[in-house]
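J.: here is the input, now give the coordinates:
(2 chains)
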2 protein chains.
Amino acid sequence: MRILGVDPGTATVGYGVLDSSGRGGQESLRYIASGIISTPKEFTPGRRLSIIRADVISLLTEYKPAVLAIESLFFFKNAKTVIPVAQARGVILEAAESMGVESIGYTPMQVKMHLTGYGKADKSMVQATVQKLLNLPAIIKPDDAADAVAIAVCHARMLVYDALAVVNP
Amino acid sequence: MRILGVDPGTATVGYGVLDSSGRGGQESLRYIASGIISTPKEFTPGRRLSIIRADVISLLTEYKPAVLAIESLFFFKNAKTVIPVAQARGVILEAAESMGVESIGYTPMQVKMHLTGYGKADKSMVQATVQKLLNLPAIIKPDDAADAVAIAVCHARMLVYDALAVVNP
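T.: Numbering: from 1, shown residues only, chains lettered A, B, ... in the order given. From the prediction side, this is the model:
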């Protein structure tokens, strides 16, 4: 199953694409691509959101993921920036829906938990785990792309747990 | 100038359309239409946001406003619901941009201030002012539609102040 992970934002949206196969607790992950969508600071919010929508649709068209995994937001985290980030997240969810792709949200704590077994793991620990799981020569850069790949890996692991649940109901 | 006022939300988006003309402190307002976009609670966020985008585009196509005036959000207000509302707001801003319509945001305090002269006016005071300014036989219902019309009136008054500023620089 192909997964598109997305880390939403206004200035920068991180994305990461990977393929996941395997069942019964043995997932097989393959890194496909990652990167960022950037929008110029001097553009209006509407114009920045339009760039994000168009670029997400391009990613969905190019990589044809079965699912879009995206960071869930909470108002108490980064209170100052949560509104523009939520605006971008809304546009991304709508873009996925318009392409017939299901979206699923994961909190940063879920991502850390499923990758490292520790919900308060620091960023470098998460990035090192992603590098190891995907057999990459180096950690993914920039950070927003790495975060997006981590969200995709989180979803892949959830799928394995679901498969396990089916094997051992 | 035709103005589309929008009160964003996930379950309900209020809208109001009016025409504004006049200068030098004498605005002339004409009520055109108002109503709400509703989305079913049981739908996914993506599907609800897609309905909102499609319906906003329909409104823009039908009424051809020159500008979309929309409520601005703050994280400290309605903290629990601000994220889904901001997601809807992002989709609305992007929809306007996709149709080449400029968006402008007003805080609830700005709307109250420009309609009643008092930034902490209560809802019934704002609604009564809207009814009077637009020569309506009754206050607008439901509340979300009334709020959207109030935002449109706020923008119309801002335009008159701008005209005044040009007349008396």
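
J.: so which bits of chain A are right by chain B?
T.: A:44-47, A:49-50, A:52-53, A:73-76, A:79-80, A:82-84, A:86-91, A:93-94, A:96-98, A:102-103 (Cβ under 8 Å from any Cβ of the partner chain). C-beta coordinates here come from the backbone N, C-alpha and C atoms, glycine included.

J.: the same query, at a cut-off of 6 Å, please.
T.: Residues of chain A that fall close to chain B, judged by Cβ under 6 Å from any Cβ of the partner chain: A:45-47, A:49-50, A:53, A:73, A:75, A:79, A:82-83, A:86-87, A:89-91, A:93-94, A:96-97, A:103.

J.: report the helix or strand with the lowest average pLDDT across chain A.
T.: helix A:143-167 (a mean of 81; mean pLDDT, DSSP states H and E).

J.: does the nearest residue to A:Ile151 once chain neighbours are set aside belong to a helix, a strand or coil?
T.: Nearest residue to A:Ile151, sequence neighbours excluded (Cβ to Cβ, 6 or more residues apart in numbering or on different chains): A:Gly5, at 3.8 Å. Following DSSP: H, G, I helix; E, B strand; the rest coil, we place A:Gly5 in the strand state.

J.: list the contacts of A:Gly5.
T.: Contacts for A:Gly5 (Cβ atoms under 6 Å, 6 or more residues apart in numbering or on different chains) come out as A:16, A:69, A:148-149, A:151-152.

J.: only C-alpha atoms, please: export the helix or strand hosting A:Ala86 in PDB.
T.: Using DSSP states H and E, A:Ala86 sits in helix A:82-98. Presented in PDB, the C-alpha positions along helix A:82-98 are these (Å, rounded to 0.1, in the frame of the first residue of the first chain):
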ATOM      1  CA  VAL A  82      -2.300  26.800  15.000                       C
ATOM      2  CA  ILE A  83      -4.900  28.800  13.000                       C
ATOM      3  CA  PRO A  84      -2.900  29.200   9.700                       C
ATOM      4  CA  VAL A  85      -1.700  25.600  10.000                       C
ATOM      5  CA  ALA A  86      -5.300  24.400  10.500                       C
ATOM      6  CA  GLN A  87      -6.300  26.400   7.400                       C
ATOM      7  CA  ALA A  88      -3.700  24.600   5.400                       C
ATOM      8  CA  ARG A  89      -4.700  21.300   6.900                       C
ATOM      9  CA  GLY A  90      -8.300  21.900   5.800                       C
ATOM     10  CA  VAL A  91      -7.200  22.600   2.200                       C
ATOM     11  CA  ILE A  92      -5.100  19.400   2.200                       C
ATOM     12  CA  LEU A  93      -8.000  17.200   3.600                       C
ATOM     13  CA  GLU A  94     -10.300  18.700   0.900                       C
ATOM     14  CA  ALA A  95      -7.700  18.100  -1.800                       C
ATOM     15  CA  ALA A  96      -7.400  14.400  -0.800                       C
ATOM     16  CA  GLU A  97     -11.200  14.100  -0.800                       C
ATOM     17  CA  SER A  98     -11.500  15.700  -4.200                       C
END
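
J.: with that, I have no additional questions.
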